[in-house]
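Undergrad: Quick one, what's the 3D model for this:
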Amino acid sequence: MPTLLTAPYMQGKTIVFIMVVIGSALATSSAGAEPELALAPTEPASVPAEAFGPQRPGIWQGEVGEGFRSSVETFSTEVGVAAGMAAFGSRQAHDLALTILSYGHLWGPVLADGHWYRGNFELRAELFAGGQYSPSSDWLVGLTPHLRYDFATGTRLIPFVDGGAGVTATGIGPPDNSGTSNLTCSLPSVCIGFRVIIWR
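TA: Have a look, this model is predicted:
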């Protein structure tokens, strides 16, 4: 019995076929169709660097991985799911889904030059929002300032130590919270992690 192909499938095959035909036509040149082009001179012309406009500085103070410039700013977004545990005084496991917006500003020059712990301080702020999806559905939102120390390793792999404390508002209620629309101070936390710089 013949099968019927759906319209999106046929459209996809048609687009791929057209792209292959056009690509083949562009890749194949016919003899005598184009005039022969003269090669550029091998000696470069002397053009002052200012003619191309000011060069935008990169994120590094020196070479890649030698520490960040003090004026560098970072912005990141993260989305994640966290499985909870009934631990540290909690009676229920709270499974969360969160979205995080982070802003950071590198603060000061590279410190401890010549030592294994050389790096920069970074002031950061995180705004997070999301919800609990188990054991019940509830909301939460929070703001946390951080102080981060980024280690300068000489590579694009940047380990860091991060600490911060902030405020959280949530609709998560008893037995682990006192009631609806809590506004609480988050306990100070310390995090160790890595960031990998793949650009600049």
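
Undergrad: can you pull out the helices in this protein?
TA: Taking DSSP state H as the test, the helices found in the chain are 7-27.

Undergrad: Could you list the low-confidence segments of it?
TA: 1-56, 89, 178-188, 199-200 (pLDDT under 70).

Undergrad: run the last query once more with 50
TA: For the chain, the stretches with pLDDT under 50 are 1-17, 19-35.

Undergrad: Please, where are all the strands along it?
TA: Remark: strands assigned in the chain by DSSP state E are 73-82, 95-111, 119-134, 138-151, 157-164, 167-170, 182-185, 189-196.

Undergrad: Let me know which of the ones you listed is the nearest to residue 60.
TA: strand 95-111 (9.7 Å; Cβ to Cβ). Any C-beta I mention is one placed from the backbone N, CA and C, and that applies to glycine too.

Undergrad: Next, the angle from the closest one to strand 157-164.
TA: 110 degrees (axes from the mean of the first three to the mean of the last three Cα atoms, to 10 degrees).

Undergrad: who does strand 95-111 touch, helix- and strand-wise?
TA: Counting contacts by 3 or more Cβ pairs under 8 Å, 6 or more residues apart in numbering; DSSP states H and E, strand 95-111 is packed against strand 73-82, strand 119-134, strand 138-151.

Undergrad: would you list those strands in TSV and tack on mean neighbour count and distance to residue 159?
TA: What follows is the helices and strands packed on strand 95-111, written out as TSV (neighbours: other Cβ atoms under 10 Å; distance: least, Cβ to Cβ, whole Å):
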stretch	mean neighbour count	distance to residue 159
strand 73-82	11	15
strand 119-134	17	9
strand 138-151	17	5
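
Undergrad: Please give me every residue in contact with the closest residue in space to residue 168 that isn't next to it in sequence.
TA: Once flanking residues are discounted, residue 168 sits nearest to residue 142: 3.7 Å by Cβ to Cβ, 6 or more residues apart in numbering. Residue 142 makes contact with 126-129, 166-169, 186, according to Cβ atoms under 8 Å, 6 or more residues apart in numbering.
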